[in-house]
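# okay, here's the prediction I keep looking at, along with the sequence it came from:
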Amino acid sequence: MFSKDFNIKGENAIMFGKGKVLENRYIIAVKNYSETVEKLKAGTISLPYDSSIYMKLISSQSSKVDSLKDIKKFAKENGKKMTDVKHYWEGLIADGFTLLNVEYSEKIPAIDHVCNNDFFKFVCMV
């Protein structure tokens, strides 16, 4: 029999698959990363929300990937299986996007609304 340490409803529950989801951490994709950041700083880019929201996202990044050779490491760091994300993420990188792990804690506007344009794409929760 299982001991009380393995109580399914308790805090020591057995976890299958990925561990705890990190709150307020997301993977986003940024088109032509360096160019987009320069345009944000210069104020020459047209985005649906205030540019300070996008600068805050970029400054909160904990990791990023823009090459196919590093994508496996990035996926593992972010608790994702390559079999689940490989084709989508490789497609984004091939299209000129850089994937970032960012923090976003605002409820309004929601992250999937902020990152739903030509320059920023919402990819997934971490």
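In hand now; what should we look at? Residues are numbered from 1 along each chain as shown.

# what helices or strands is the helix ranked longest in the chain leaning on?
When the chain is parsed with DSSP state H, its longest helix is helix 82-94. Helix 82-94 sits against helix 71-77, strand 97-103, strand 120-125, with contacts defined as 3 or more CB pairs under 8 Å, 6 or more residues apart in numbering; DSSP states H and E. Every C-beta, even on glycine, is put in place using the N, C-alpha and C of the backbone.

# swap the cut-off to 7 Å and go again
In terms of contacts (3 or more CB pairs under 7 Å, 6 or more residues apart in numbering; DSSP states H and E), helix 82-94 is packed against helix 71-77.

# what's the helix it packs on in contact with?
With contacts defined as CB atoms under 7 Å, 6 or more residues apart in numbering, helix 71-77 is touched by Ser63, Val65, Met82, Val85, Trp89, Glu90, Ile93, Leu99.

# who wins on neighbours among the residues you listed?
Ranked by neighbour count (other CB atoms under 10 Å), the contacts of helix 71-77 have Leu99 at the top, with 27 neighbours.

# name the nearest residue to that one, sequence neighbours excluded.
Leaving aside its sequence neighbours, Leu99 sits nearest to Val65 (CB to CB, 6 or more residues apart in numbering; 5.0 Å).

# center of the protein - which residue?
Ile27 (0.7 Å; CA atoms, centre = their mean).

# so how far is Ser34 from the residue nearest to Leu99?
Separation of Val65 from Ser34 (CB to CB, to the nearest Å): 14 Å.

# picking that back up, quick one: contacts for the residue nearest to the residue nearest to the centre of the chain when sequence neighbours are not counted?
Of all residues not flanking Ile27 in the chain, Val123 sits nearest, at 4.1 Å (CB to CB, 6+ apart). Going by CB under 7 Å, 6+ apart, Val123 touches Ile27, Ile28, Ala29, Leu99.

# so for Val123, what's the pLDDT?
Predicted confidence (pLDDT) for Val123: 96.

# surely the residue nearest to the centre of the chain meets Lys121?
No - Ile27 lies out of contact with Lys121 (CB atoms under 7 Å); the separation is 9.6 Å.
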